[in-house]
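Trainee: Quick one: sequence and predicted model below, then my questions.
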Amino acid sequence: LMSSDNRAAHVLCRNYPDGLSACVRAMNDKAAALGMTKARFVEPTGLSSSNVASPRDLAKLVLAAGNDPTIREYSTDAEHTVYVNRQPLEFRNTNRLVASPDWQVNLQKTGYISKAGRCLVMQTVIDGRQVVIVLLNSWGKLTRIADAKRIRTWIEAQRRVTAS
């Protein structure tokens, strides 16, 4: 969740009751239950371009995931160490905003595949309001972070305009 590593998702699905295909079916069932009308998953990691979802679908997923304290906690850790065969394996969050004292990021996930580009979904608080940001196909490595900052600046400016 925090370092955009997909091994855990694959391991979870591989060990799901009745295996990988049953897990993917459950993912699609959950998406349908959340009202994600365009979402279709073929595998659990998000690395296949055959996995699809609209920005609206992703916003619904962010809101649902935001209700889980474990997902919120791990997706917003700046770094985390796990031990595999007594060897430390360190992960760092790929979203720099989680470590910024200027941001209150409650949930986030970054991702990248060539067809979708660099992506970011997150739930944050801007100007006292809960905001879900969905950024798809960002141009450069840091563009999605800069775009999130521009969205925040725009929302804050709108508040100042309506307050005056």
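Mentor: That came through fine. Predicted model, so just to flag it, every value in this text is computed and none were measured. Numbers count the residues shown, from 1 in each chain.
Trainee: Where do the strands of this protein begin and end?
Mentor: Ranges of strands within the chain are 79-84, 87-92, 104-113, 117-126, 129-138, based on DSSP state E.
Trainee: With mean neighbour count added, can I get the ones you listed in a markdown table?
Mentor: Any C-beta I mention is one placed from the backbone N, CA and C, and that applies to glycine too. Shown next, in a markdown table, are those (neighbours: other C-beta atoms under 10 Å):
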| stretch | mean neighbour count |
| --- | --- |
| strand 79-84 | 10 |
| strand 87-92 | 11 |
| strand 104-113 | 19 |
| strand 117-126 | 20 |
| strand 129-138 | 16 |
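Trainee: Please name whichever of those strands is nearest to residue 68.
Mentor: strand 104-113 (8.7 Å; C-beta to C-beta).
Trainee: how far is the closest one from where the chain is centred?
Mentor: 4 Å (C-alpha atoms, centre = their mean, to the nearest Å).
Trainee: Quick check, residue 31 in contact with residue 57.
Mentor: Yes - in this structure, residue 31 is within contact of residue 57 by C-beta atoms under 8 Å, at 7.1 Å.
Trainee: what does the longest helix seen in the chain rub up against?
Mentor: Counting by DSSP state H, the longest helix found in the chain is helix 143-163. For helix 143-163, contacts defined as C-beta atoms under 8 Å, 6 or more residues apart in numbering pick out 95-97, 103, 110, 118-120, 122, 124, 126-127, 129, 131, 133, 135, 138.
Trainee: residue closest to the middle of this protein?
Mentor: The chain has residue 109 as the residue nearest its centroid, 2.2 Å off, counting by C-alpha atoms, centre = their mean.
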